[in-house]
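[1] Pasting the sequence and the predicted model now:
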Amino acid sequence: MPSEPSPAARRPRLTPAVADTRRAVREALADLPAGSLALVALSGGPDSLALAAATGFEAPRLGLRAGAVIVDHGLQPDSGAVAERAAVAARALGLDPIQIERVMVGISAGPEAAARHARYARLEREAARLGAAAVLLGHSLDDQAETVLLGLARGSGTLSIAGMAAVAGLYRRPLLGIRRATLAQACVDQGLEPWSDPHNSDERFARVRVRRRILPMLEEHLDAGIVEALARTAAIAREDAEALDHMVDEVAEELTDLADGGCSLTVAGLLANPPAIRHRLIRLVMRSQFGVAISRAQTLEVARLVTDWHGQGPVHLPGVRVERTAGRIVFVLALENEHIVGDDDSDEHLPDRP
């Protein structure tokens, strides 16, 4: 009777795809305190399953704990079984704790946005409950390229084409530099069987159309390296956006006066800065003082009080009235029945995709 193979013989061989994935995860976890917990956001698809395998391998070697949160959105009849299979895979990869979270997806927004909001709310709740130091997301280089193209199509500014950040607060994306095909190969090489989400082939979704039609067409007719080029564009745009935002924070301290019910910026100070800084100052005031994100059209209406002043009346934004008085642009809480300046789809500060 043949003897049982040794653990070394049963261990999957270290292929380039597996090595690349493990290296990326090791670099992303290297600065976490010893003993801390890193949670993998696991769907069971190839990207997140490759991430779970690499995290289960690397975390103990760095003195860390690795767990998984599996969010069941309930959008497909077999979603519960898919979540259970993902939990079984995570357990086999050495992850612990493993938590399956079932969420209700709202219908007020599109299904993608609603599912995303529900997912991240639950990930944050579980991370807080378990005391996790980081939540790892399985977004790939291809995901980054798709995000840049969608941002370009919206015409929504630097932050949108900056794509997804490698680190955004609690969230970390170790795989942003790795192609989707490499992650799928890492699963094959380790004998893992990922789940195929039917939504990823449903061309009703803009992201799927970009993935299945537009990027392949660009690769065929422009450059086979278009995915990498778009990812480089994202990195450059993010560096620029972060530098400008840092400058705006410093300028805002000098130009902003706070008062009960509102605040103001000096007209002279706004005029002294280029449009990129001026517009960011306006959006910063609205976001930080009133918790309101405004569109580019609304931003430009406020900016006209500075650059095209001819005695016009106030600009009415959601919950806020903005007017020019005595050399200052004054932001105050608005009355409920005041008319709001029209919105558009070109908000330059679209939320980062976590």
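    Everything's here; your move.
[2] shaky segments in the stretch 251-354 of the chain?
    Across the stretch 251-354 of the chain, the stretches falling below the confidence threshold (pLDDT under 70) are 336-354.
[3] for it, what spans make up the helices?
    For the stretch 251-354 of the chain, helices defined by DSSP state H, counting those that start in this stretch occupy the ranges 267-271, 275-290, 296-307.
[4] Make CSV from those helices and add mean neighbour count to it.
    The C-beta positions use only the backbone N, C-alpha and C, and glycine is treated the same way. Putting the helices of the stretch 251-354 of the chain into CSV (neighbours: other CB atoms under 10 Å) gives the following:
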stretch, mean neighbour count
helix 267-271, 17
helix 275-290, 20
helix 296-307, 20
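[5] quick one: average confidence on whichever strand or helix holds Ala181?
    Under the criterion DSSP states H and E, the helix or strand holding Ala181 is helix 180-189. If you average the pLDDT over helix 180-189, you get 97.
[6] Use 58 as the first number for this chain going forward.
    Noted, 58 is the first residue going forward, which turns the last one into helix 237-246.
[7] Can you point out the buried residues in that helix?
    Judged by neighbour count using 16 or more other CB atoms under 10 Å, the buried positions of helix 237-246 are Arg237, Thr239, Leu240, Ala241, Gln242, Ala243, Cys244, Val245, Asp246.
[8] right, and the fifth one touches Thr72 too?
    I take that to be Gln242. Yes - proximity of Gln242 to Thr72 meets the contact threshold set by CB atoms under 8 Å, at 7.3 Å.
[9] mind checking which of the helices of the stretch 308-411 of the chain is nearest Pro231?
    With CB to CB as the criterion, Pro231 lies closest to helix 332-347 of the helices of the stretch 308-411 of the chain, at 29.2 Å.
[10] Compute the inter-axis angle for the closest one and helix 353-364.
    110 degrees (axes from the mean of the first three to the mean of the last three CA atoms, to 10 degrees).
[11] ok, residues contacting helix 332-347?
    Judged by CB atoms under 8 Å, 6 or more residues apart in numbering, the contacts made with helix 332-347 from elsewhere in the structure are 301-302, 304-306, 308-309, 312-313, 315, 319-320, 322, 327-328, 330, 349-351, 353, 356-357, 359-360, 363, 374, 376-377, 386, 388, 390, 405-406.
[12] Same check on stretch 250-262?
    Under the criterion CB under 8 Å, 6+ apart, external residues in contact with stretch 250-262 comprise 100-103, 106, 132-133, 139, 142-143, 146, 169, 241, 244, 265-266, 268-270.
[13] how about a cut-off of 6 Å?
    Contacts of stretch 250-262 with the rest of the structure, by CB atoms under 6 Å, 6 or more residues apart in numbering, involve Gly101, Gly102, Pro103, Leu106, Val139, Cys244, Val265, Arg266.
[14] same thing with stretch 105-120?
    With CB under 6 Å, 6+ apart, stretch 105-120 has contacts from 78-79, 82-83, 86, 91, 95, 97, 99, 123, 147, 150-152, 193, 195, 240, 243-244, 247, 249, 251.
[15] Would you map the strands across the stretch 158-307 of the chain?
    Counting by DSSP state E, counting those that start in this stretch, the stretch 158-307 of the chain has these strands, from start to end: 191-193, 224-225, 228-229.
[16] Check which strands are paired with the longest one and give the direction for each one.
    Right, strand 191-193. Strands adjacent to strand 191-193 in the sheet, as given by DSSP bridges, are strand 94-98 (parallel), strand 228-229 (parallel).
[17] following the first one, which helix or strand shows up next?
    Sequence-wise, the next helix or strand downstream of strand 94-98 (DSSP H and E) is helix 103-118.
[18] How about residues contacting the helix holding Ala238?
    Under CB under 6 Å, 6+ apart, the answer for helix 237-246 is Pro69, Thr72, Ala74, Val75, Thr78, Pro103, Asp104, Leu106, Ala107, Ser197, Asp199, Pro251.
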